[in-house]
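Asker: all I have is the shape, not the residue letters:
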């Protein structure tokens, strides 16, 4: 196994480093043809008929020592115990199958539904779910509406400001049909990350023998922080609560291969002086990076499955250790001097779903203009003018303003895909696919996770936001799927391509392929099993037509997947049938 980043970034001298980089990325002139990867969707995901079938299907998952934003369940050994925290909408058969597979290994399992932990019945939790099911991935603008409720200390005041300014927009985002009755508001108040985290802490006090807790759908840093001082027992997210993920190849992707591809992707960051990213949907951005900025970036860039490919997300926090992941390192990484992105971010998808194509223009690090985007774009344009948001200076920053680019994060797992079940649920409809290797998601608005004293929630940040009723966290995501991400090495006049038209180039590294061959055909082990279908980019049709109503095209593909008639299943269905 390679020497990990924690020591490597401090010890390698630039000259020797450059000589050894030939197989990691590609030179600019070798970036390849202009053709983009063809569409595909995994054909091998089956519908189980019993928890016993699930048990067989998830054996790879429960033995794997790596997991998204944490370590895998395989870290927990025979005779030890762990806890999983499903939600009310988790598929019971799948959760039971995972429990059986863990017990087959001799692991004791505590199943702790989040609603039970906070004293809510499943009946009432499901009533809350149903009340919120007024939108799906079709309504990507709801990510912005949910942002208001989630990140403002007094969301009512922020919504009232919007209502007075744009009553028409407010009515579309917060119609009476989405207004929860008081008893469901109380239930929603119990099912927050903060309160569920406190309840898990109480459980861990009583059960110190529990080695790991698997909990939540994303935002591993926040989930881990919510368990403090038991944060070292955060094992990772629990997203395999549905048959689409549980019965896929996600859980069986080899841990050492995954970590090696991530280390190779990140190992140049300490020596980077410029970043450039383009994407066929219109993204075209760049940033110059000083030596101080790049060194801090390298020390804070790692989060499994979610690599921080922009320094701002790697700072204002204690970085993760690669060796003892998901433990934090002992060094707090200051945000300033902040890195300022310039150019245009463009796309049609975010965490919450689809929206008409938008363009976000950046100058000297800040958003200066937003065009398109439908309701999503309208909402962002309004909150660019929210009182104090451009005039106040947040803690640990030197310049007033909130609307920097905070997040440029890279998915690194080649077996993740667009989950049809999650796509039709409200809130985080596009969450799973951002984990797929080569997918980049961009987040707007600044965030600091930790104060310098300890890797727990920044009290200075929270108090500042509460005092001025300003947002505490980023949002307004854009997903790009065919990006080319290049870095220039300081003093070397050389460019490296870390992502080439949506393909993470470390997957092609000879060392990676040699390691993957231990598990089978490296072409299959490392293959990217899902590529979205986008007319005008990698499928017939006009991109302009797609960009005006991307949901129409995406929903047609998902309907074909559900019917079993999709033309781009991988492997082709007849091959899958012969294999079974």
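Answerer: Yes, it's here. No experiment lies behind these values; they were computed from the predicted model shown.
Asker: switch to C-alpha atoms for all contacts and neighbour counts from now on
Answerer: Will do.
Asker: does residue 62 sit in a helix or strand, and which one?
Answerer: Assigned by DSSP states H and E, residue 62 belongs to helix 59-63.
Asker: what's that helix in contact with?
Answerer: Residues from elsewhere that reach helix 59-63 (C-alpha atoms under 8 Å, 6 or more residues apart in numbering): 72-75, 98, 101-102, 246, 250-252.
Asker: neighbours of residue 310, just the number please.
Answerer: 26 (other C-alpha atoms under 10 Å).
Asker: same question, residue 183
Answerer: For residue 183, the count of nearby residues is 11 (other C-alpha under 10 Å).
Asker: quick one: it and residue 553, what's the gap?
Answerer: Per C-alpha to C-alpha, to the nearest Å, residue 183 is found 38 Å from residue 553.
Asker: residue boundaries of the helices in the stretch 201-350 of the chain?
Answerer: For the stretch 201-350 of the chain, the helices defined by DSSP state H, counting those that start in this stretch cover 220-226, 243-246, 255-266, 291-300, 311-314.
Asker: winner for burial among those helices?
Answerer: helix 311-314 (a mean of 27; mean count of other C-alpha atoms under 10 Å).
Asker: which other helices and strands contact it?
Answerer: Applying 3 or more C-alpha pairs under 8 Å, 6 or more residues apart in numbering; DSSP states H and E, we find helix 311-314 packed against helix 291-300, strand 405-410.
Asker: turn those into JSON lines, including distance to residue 337.
Answerer: Putting these into JSON lines (distance: least, C-alpha to C-alpha, whole Å) gives the following:
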{"stretch": "helix 291-300", "distance to residue 337": "7"}
{"stretch": "strand 405-410", "distance to residue 337": "14"}
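Asker: mind listing what residue 522 touches?
Answerer: Residue 522 sits next to 513-514, 516 when contact means C-alpha under 8 Å, 6+ apart.
Asker: so for the helix holding residue 62, what's the average pLDDT?
Answerer: On average, the pLDDT along helix 59-63 is 96.
Asker: which strand is the longest one in the protein?
Answerer: strand 353-363 (DSSP state E).
Asker: partners of that one, with directions?
Answerer: Sheet pairing here is set by DSSP bridges, and for strand 353-363 it gives strand 342-350 (antiparallel), strand 366-372 (antiparallel).
Asker: the stretch 1-150 of the chain: strands as residue ranges?
Answerer: For the stretch 1-150 of the chain, applying DSSP state E, counting those that start in this stretch gives strands covering 41-42, 66-67, 70-71, 81-85, 108-111.
Asker: next, count neighbours for the closest residue to residue 396 other than its chain neighbours.
Answerer: Nearest non-adjacent residue to residue 396, counting by C-alpha to C-alpha, 6 or more residues apart in numbering: residue 335, 6.5 Å away. Neighbourhood size, residue 335 [other C-alpha under 10 Å]: 23.
Asker: and residue 335, what pLDDT?
Answerer: 98.
Asker: dump the residue contacts of it.
Answerer: If you count contacts by C-alpha under 8 Å, 6+ apart, residue 335 has them with 312, 315-316, 396-397.
Asker: quick check on it: phi, psi?
Answerer: When read as degrees, to the nearest 10, the backbone of residue 335 gives phi -70, psi -50.
Asker: can you list the domain ranges for the protein.
Answerer: Structural domains assigned to the chain are 51-118+191-246, 138-178+260-532, 540-580, following automatic domain parsing.
Asker: which of these sits closest to residue 125?
Answerer: Across the domains of the chain, residue 125 has its closest neighbour in domain 51-118+191-246 (6.2 Å, C-alpha to C-alpha).
Asker: okay, now residue 484: neighbour count?
Answerer: Residue 484: 24 surrounding residues under other C-alpha under 10 Å.
Asker: local confidence estimate at the closest residue to it other than its chain neighbours?
Answerer: Nearest non-adjacent residue to residue 484, counting by C-alpha to C-alpha, 6+ apart: residue 500, 4.5 Å away. On pLDDT, residue 500 comes in at 98.
Asker: before we move on, what about residue 15?
Answerer: Looking at residue 15, its pLDDT stands at 41.
Asker: picking up where we left off before, out of the strands of the stretch 1-150 of the chain, deepest packed?
Answerer: Ranked by mean neighbour count under mean count of other C-alpha under 10 Å, the strands of the stretch 1-150 of the chain are led by strand 66-67, which reaches a mean of 26.
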